[in-house]
Every structure is written in C-alpha cells, then in structure tokens.
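Visitor: can't give you the sequence, but here's the structure:
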C-alpha cells in the first residue's frame, strides 16, 4: 500500500506543478493574443475553472497521501517518525510543509486578488474607463506572481526528493 500511495503522491505533484508551468509559459501568454475581449474572457474563465478544479484535487490528494505516508511505517521509518528532529529528515519535512502552506496561500491570493483585478481592469478597459497599459500591468503582476509560485512548487518537489534520499535525509544531526 505504501508504494501505491507514493506513486499517487508523485502523480498528484506532477498534476499540480505541470499545469502551472503550462499556464505560465503557454496558456496565459497565448490568451493575450485573443483580440475579441468577450471570447478571451470566456476562454480564460473556462481554463481558470478547470485549472482551479485540478489544483484543488491535487492539493487535497497530496495532503491525504502525504499524511498516509507519514503515519505508516511503509514509507517513513519508525525511528524517524518518533524522533524526526534528530534527523535531517525532520528539518527537510518541516520546510516542505511550510512551503506547502505558503503555496496554498499564494494560490488563494492569486485567485482572490490578482485574477479578480485582471477581471475588473478588463471590464474597465472594455467600458473605456481604463487603458490597455493598466491591463498589461495587471497581467504582468499576475504572471510574475505565478512564476514565484512555480519556484515554490519546484522547491517543494526538490525537498520531497531529498526526503526520499536516505543517505542524506536519514543522517542524524
């Protein structure tokens, strides 16, 4: 059961990070090329909803499989479970969990603030109350923040790899 949980955990990590990279490098910039504002809004809305659903499923699944792995002896050895702060594993794990919480907060901030700002500025541009520069600035801020989320996500992946590398993680402090 431990190996299956690990496979699902890694798959869910790929499901979370892969679409982030695709959105950053391809989907978001390509959507900016759609000149029809109504069409662009519809396309982005569909993509954003599906991306959000995929992200929520991945985050919940990662949390579930991660907890399962932590509390079963199949993945985390009992001596590390009992005294994790005596091993490098404990520090790596705590940093990974901290970054996981930071990532969740970043995703929520992006959805609640940055994406909403783009929607408001887009509507203002269409109504003639704002210019395209305002929209470009909002998009650029969103893109830069998304890039930072990718850095955090990849860092979490790297820490997960370190946790699974016993010659490093299982050393006593």
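Guide: Looks like it came in fine. Quick caveat, the model's predicted, so the values are computed rather than measured.
Visitor: so what's residue 16 up against?
Guide: For residue 16, the contacting residues are 54-55, 58-59, 62, 153, by CB atoms under 8 Å, 6 or more residues apart in numbering. Where you see a C-beta, it was placed from the backbone N, CA and C, and this is true even at glycine.
Visitor: Can I get the buried part of those residues as one PyMOL selection?
Guide: Typed into PyMOL, the line below selects the buried ones among these, using 16 or more other CB atoms under 10 Å:
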select buried, resi 55+58+59+62+153
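Visitor: can you redo the contacts of residue 16 as CSV with pLDDT, secondary structure and distance to residue 90?
Guide: Converted to CSV, the contacts of residue 16 look like this (pLDDT from 0 to 100; DSSP: H, G, I helix; E, B strand; the rest coil; distance: CB to CB, whole Å):
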residue, pLDDT, secondary structure, distance to residue 90
54, 95, helix, 31
55, 94, helix, 28
58, 97, helix, 25
59, 96, helix, 23
62, 96, helix, 20
153, 97, helix, 22
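Visitor: and the two most separated of the contacts of residue 16?
Guide: Spatial extent of the contacts of residue 16 (CB to CB) is set by the pair 54 and 153 at 13.5 Å.
Visitor: any idea how far residue 42 is from the residue in the chain sticking out farthest from the centre?
Guide: The centre of the chain is farthest from one residue, residue 128, which by CA atoms, centre = their mean lies 34.8 Å away. In this view, residue 128 and residue 42 are 21 Å apart by CB to CB, to the nearest Å.
Visitor: same question, residue 84
Guide: 49 Å.
Visitor: Neighbour count: the two, which is higher?
Guide: The neighbour comparison of residue 84 against residue 42 (other CB atoms under 10 Å) goes to residue 84, with 18 against 12.
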